[in-house]
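*Asks:* give me a model of this one.
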Amino acid sequence: MRRLLLPIVVVLAVLVAAPGADARPAREIGGVALHPWQLQTADARERAFSSIAATGVRWVRVDMPWSSIETHSPAIRAGHGNWAATDAIVQAADRHGLKLIPIVAYTPKWASDSGDLWAYPDSQPFEEFFAAVLRRYPHITAWELWNEPNLARFSKPGPDPAAFVEFLRSARRAHDSVGSTAKLISGGVAPGGEIDVVSWIAQVGMRGGLKLIDGLGVHPYSPAFPDDPRSWMMQLEALHEQLADLGRPDLTLWLTEYGAPTVSFANGYAPALTEREQADRLRAAFALATRFDWVENLTWYEFRDGCGQAADPECNFGLVHTDLSHKPAYDAMRDVMAGAETKLHPRLLLSTKIRQARVPLARVSKRPGSKRRAKRSKRVTVHRIVVSGRLTLPGTPWPNATIFMLLPRRGKLPKPVRVGVKEGYFWARFEGRDLRSGILEARYAGSAGYQPLATRIQVVSSVTTVR
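*Replies:* Model (predicted):
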């Protein structure tokens with residue numbers, strides 16, 4: 001249920017500054033994902049849910065497969081169905097004070113024309129099933145409708161925004177018919193699909209789909225580190241702005257899957273990661289997501305490794321190993337839920353240039369016994385350094401900050417200069433006879449929410465002479 005991301009923004013990494021944005025408690029949004037086949041026995045459920053609860057996490061995302069509940073015929077209409085496994089999971093989560101986000105999917109063979117597990121169902125049987133589910137579990141406050149609908153793997157015969165909107169419309173009708181107050185979350189859209197994320201949201205929005213949901217599901221997987229400008233976590237602000245353009249500025253984002261596998265080679269989700277590096281990604285993801293007040297959920301995929309195959313990325317996303325022994329990410333999750341702070345990495349889009357210029361220099365000449373003579377103008381060569389760019393502080397939309405730069409000077413120590421950043425942008429010009437091509441160093445001392453950084457940039461004089 002994951003897919004890779006293609007980077008869409010290239011930014012020069014550097015330094016910079018500003019106070020950290022206010023963050024919400026991570027416990028308000030934190031979740032982990034589980035699968036029902038990992039919860040088949042009472043002991044498995046108890047061990048999993050007690051271990052999850054011990055981290056401080058409140059949300060658990062879990063599949064609710066319709067095909068397992070109503071296998072062979074539309075038994076729901078007769079008041080029947082195989083509810084035992086689902087009831088046991090819901091009851092175990094309740095005992096540990098955990099809130100479920102069930103995924104409503106897995107179409108029974110008899111409920112669609114193609115009979116495929118990932119084909120959208122016919123409206124009438126699905127509405128009857130979903131209404132029965134909402135009546136049976138009225139205390140569940142959020143339901144995710146489908147999974148990664150922009151990927152062919154989860155949409156047969158292929159991604160279809162119109163069919164997905166009809167599925168959402170059926171879910172809304174069932175929801176309203178029973179008077180449910182639960183939130184309906186659209187199935188998480190993922191990078192790397194046959195229809196890209198931005199286009200998918202636009203097509204769903206144009207068909208009225210955004211009016212049928214209470215939250216937009218997004219799976220922001222990315223090979224890049226969460227606060228790297230090339231990562232999908234850093235594209236979430238643009239997605240939120242897209243929702244405003246489509247008439248839903250109030251629609252929150254539910255990041256119902258995000259994670260990275262611990263394998264020894266690069267893959268579509270991350271570079272080769274040690275278990276400690278996976279934990280670092282978890283900390284940074286929550287530090288960023290909690291700064292966005294329109295992110296309502298961040299679910300780590302997943303709680304437990306899917307299998308024991310060390311060479312399979314799909315098997316190694318867990319906070320714990322298959323035997324439930326802890327990875328460093330488990331302890332990181334517990335610390336994050338307890339309020340431990342993680343500093344993010346500021347970055348800067350920076351450009352510099354240096355030019356020679358001939359400028360007038362006023363002189364006064366005196367002779368003994370004579371009156372002061374008029375000023376004579378002499379032209380001398382100076383260097384001009386222009387520095388400009390844009391500051392990006394993860395989680396801070398319009399940073400105001402200060403950058404300290406050390407300008408290169410011939411035969412002297414670098415000249416310290418203070419440059420102000422306003423609403424993310426800055427521009428400054430420096431001029432002097434001793435300024436030269438060389439290394440310009442920029443420094444930031446750090447703040448409560450952001451790491452200290454320094455960068456050294458080669459400033460090269462152009463051949464152009466400004467007269």
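
*Asks:* and the closest residue in space to A266 that isn't next to it in sequence, what does it touch?
*Replies:* Nearest non-adjacent residue to A266, counting by CB to CB, 6 or more residues apart in numbering: A272, 5.6 Å away. From N, CA and C alone the C-beta is placed, and that goes for glycine too. Neighbouring residues of A272 by CB atoms under 8 Å, 6 or more residues apart in numbering: 263-266.

*Asks:* select the longest helix from the chain.
*Replies:* Secondary structure of the chain per DSSP state H: the longest helix is helix 161-177.

*Asks:* wait, doesn't L453 sit right on K343?
*Replies:* No. Between L453 and K343 there is no contact under CB atoms under 8 Å: 10.5 Å.

*Asks:* now the common contact residues for these two.
*Replies:* With CB under 8 Å, 6+ apart, L453 and K343 have common neighbours G446.

*Asks:* re the thing from before, got a PyMOL select line for the buried ones in the contacts of A272?
*Replies:* Of these, the buried ones can be selected in PyMOL as follows, counting by 16 or more other CB atoms under 10 Å:
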select buried, resi 263
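
*Asks:* nearest to E237, of the contacts of A272?
*Replies:* Among these, A266 lies closest to E237 (CB to CB), at 27.0 Å.

*Asks:* what stretches of the stretch 1-150 of the chain score poorly on pLDDT?
*Replies:* Scanning the stretch 1-150 of the chain with the threshold set as pLDDT under 70 gives 1-22, 74-80.

*Asks:* which residues in it form helices?
*Replies:* Here the stretch 1-150 of the chain has its helices, by DSSP state H, counting those that start in this stretch, at 42-55, 66-69, 84-95, 123-136.

*Asks:* for the third one, buried residues please.
*Replies:* Going back to what we said before, that points to helix 84-95. Residues of helix 84-95 classed as buried by neighbour count (16+ other CB under 10 Å): 85-86, 88-90, 92-93.

*Asks:* domain assignment for the protein?
*Replies:* 26-337, 347-466 (automatic domain parsing).

*Asks:* please identify the deepest-packed of those domains.
*Replies:* Mean neighbours per residue, mean count of other CB atoms under 10 Å, is largest over the domains of the chain for domain 26-337, with a mean of 19.

*Asks:* quickly note the distance from the residue nearest to A266 to P261.
*Replies:* 10 Å (CB to CB, to the nearest Å).

*Asks:* now H383
*Replies:* H383 is 51 Å from P261, by CB to CB.

*Asks:* repeat that for V90.
*Replies:* 29 Å.

*Asks:* what helix or strand is V380 on?
*Replies:* Under the criterion DSSP states H and E, the helix or strand holding V380 is strand 376-392.

*Asks:* how big is the angle separating the next helix or strand after that strand from strand 376-392?
*Replies:* Downstream of strand 376-392, the next assigned helix or strand under DSSP H and E is strand 401-407. For strand 401-407 against strand 376-392, the angle between stretch directions is 130 degrees (axes from the mean of the first three to the mean of the last three CA atoms, to 10 degrees).

*Asks:* next, the angle strand 376-392 makes with the next helix-or-strand element following strand 401-407.
*Replies:* For strand 401-407, the following helix or strand on the C-terminal side (DSSP H and E) is strand 415-421. Per the same axes, to 10 degrees, the angle that strand 415-421 makes with strand 376-392 is 50 degrees.

*Asks:* what lines up beside strand 415-421 in the sheet?
*Replies:* Partners of strand 415-421 in the sheet, by DSSP bridges, are strand 401-407 (antiparallel).

*Asks:* what distance separates the strand it pairs with from the centre of its chain?
*Replies:* Remark: strand 401-407 is offset 29 Å from the chain centroid, using CA atoms, centre = their mean, to the nearest Å.

*Asks:* what does that strand rub up against?
*Replies:* Applying CB under 8 Å, 6+ apart, the set of residues contacting strand 401-407 is 15-18, 348, 385, 387, 391, 393, 414-421, 426, 430, 435, 440-444.

*Asks:* for L319, give me its contacts.
*Replies:* Contacts for L319 were tallied using CB under 8 Å, 6+ apart; they are 32, 55, 300, 302-304, 326-327, 329-330, 333.

*Asks:* out of those, who's nearest L117?
*Replies:* Taking these together and measuring to L117 by CB to CB, the closest member is E302, at 19.9 Å.

*Asks:* coming back round to it: between the buried residues of helix 84-95, which is nearest T71?
*Replies:* A85 (11.8 Å).

*Asks:* am I right that that closest one is in contact with S68?
*Replies:* Yes. With contact taken as CB under 8 Å, A85 and S68 are classed as touching, separated by 6.8 Å.

*Asks:* common neighbours of those two, please.
*Replies:* Joint contacts of A85 and S68 (CB under 8 Å, 6+ apart) are P36.

*Asks:* model confidence score at R291, please.
*Replies:* At R291, the model reports a pLDDT of 93.

*Asks:* low-confidence ranges, the stretch 151-300 of the chain, go.
*Replies:* Filtered on pLDDT under 70, the stretch 151-300 of the chain yields no residues whatsoever.

*Asks:* where along it do the helices fall?
*Replies:* Using DSSP H, counting those that start in this stretch, the helices of the stretch 151-300 of the chain run over 161-177, 197-206, 236-245, 275-289.

*Asks:* D227: which of those is closest?
*Replies:* Nearest to D227 among those is helix 275-289 (5.4 Å), distances taken as CB to CB.

*Asks:* show me what the closest one is packed up against.
*Replies:* Counting by 3 or more CB pairs under 8 Å, 6 or more residues apart in numbering; DSSP states H and E, the packing neighbours recorded for helix 275-289 are strand 295-300, helix 328-337.

*Asks:* next, format the ones you listed as CSV and append distance to G179.
*Replies:* Converted to CSV, these look like this (distance: least, CB to CB, whole Å):
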stretch, distance to G179
strand 295-300, 23
helix 328-337, 33
